[in-house]
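**Student:** Quick one: sequence and predicted model below, then my questions.
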Amino acid sequence: GDGSQTRSFCYVSDLVEGFLRLMNSDYVGPVNIGNPGEYTILELAQAVQNLINPDAEIKFEPLPSDDPRRRQPDITKAKTLLNWEPIVALQEGLKLTIEDFRDRIKNNQK
């Protein structure tokens with residue numbers, strides 16, 4: 001596609017904290033645990049490109065026919081019932097993820 005479809009990205013530490021709060025609560029029922037920050041796929045690709053290799057080419061591919069155009073969770077219940085919301089911003093999460101993968105690659109080359 002053209003990268004205009006949106007997604008929301010939640011860093012793993014935020015996700016785990018939300019799950020733990022939900023599991024330790026008395027609430028029974030669905031609760032969205034995620035990040036309501038909405039980014040286009042092109043914005044994500046450009047952020048990764050800037051952090052890894054600004055000269056890398058972004059490649060556009062056809063979208064699957066069932067690809068949702070927009071994704072953004074409503075975390076009102078998580079905020080209200082669990083006093084939870086994500087705290088790791090996309091840029092910080094990307095930096096931590098890239099660092100983790102670089103460490104894994106370095107350790108596998110030893």
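**Tutor:** Looks like it arrived, so ask away. Numbering: from 1, shown residues only.
**Student:** Stretch 82-96: end-to-end distance?
**Tutor:** 26 Å (CA to CA, to the nearest Å).
**Student:** Who are the packing partners of the helix ranked longest in the chain?
**Tutor:** Looking across the chain with DSSP state H, the single longest helix is helix 90-108. Contact analysis of helix 90-108 by 3 or more CB pairs under 8 Å, 6 or more residues apart in numbering; DSSP states H and E lists helix 41-52 as its packing neighbours. C-beta here means a position set from N, CA and C on the backbone, and glycine is covered the same way.
**Student:** which residues sit against the helix it packs on?
**Tutor:** Contacting residues not belonging to helix 41-52 are listed as 1-7, 9, 39, 56, 58, 90-91, 94-95, 98 [CB atoms under 8 Å, 6 or more residues apart in numbering].
**Student:** Report the buried members of these.
**Tutor:** 6-7, 9, 39, 90, 94 (16 or more other CB atoms under 10 Å).
**Student:** okay if I get those residues as TSV plus pLDDT?
**Tutor:** Output for the buried ones among the contacts of helix 41-52, formatted as TSV (pLDDT from 0 to 100):
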residue	pLDDT
Thr6	94
Arg7	95
Phe9	96
Tyr39	96
Leu90	96
Leu94	97
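**Student:** And those, which two are furthest apart?
**Tutor:** Thr6 and Leu94 (16.5 Å; CB to CB).
**Student:** Could you tell me how far Asp66 is located from Asp26?
**Tutor:** 37 Å (CB to CB, to the nearest Å).
**Student:** now Ile58
**Tutor:** 46 Å.
**Student:** now do Gly18
**Tutor:** Gly18 is 16 Å from Asp26, by CB to CB.
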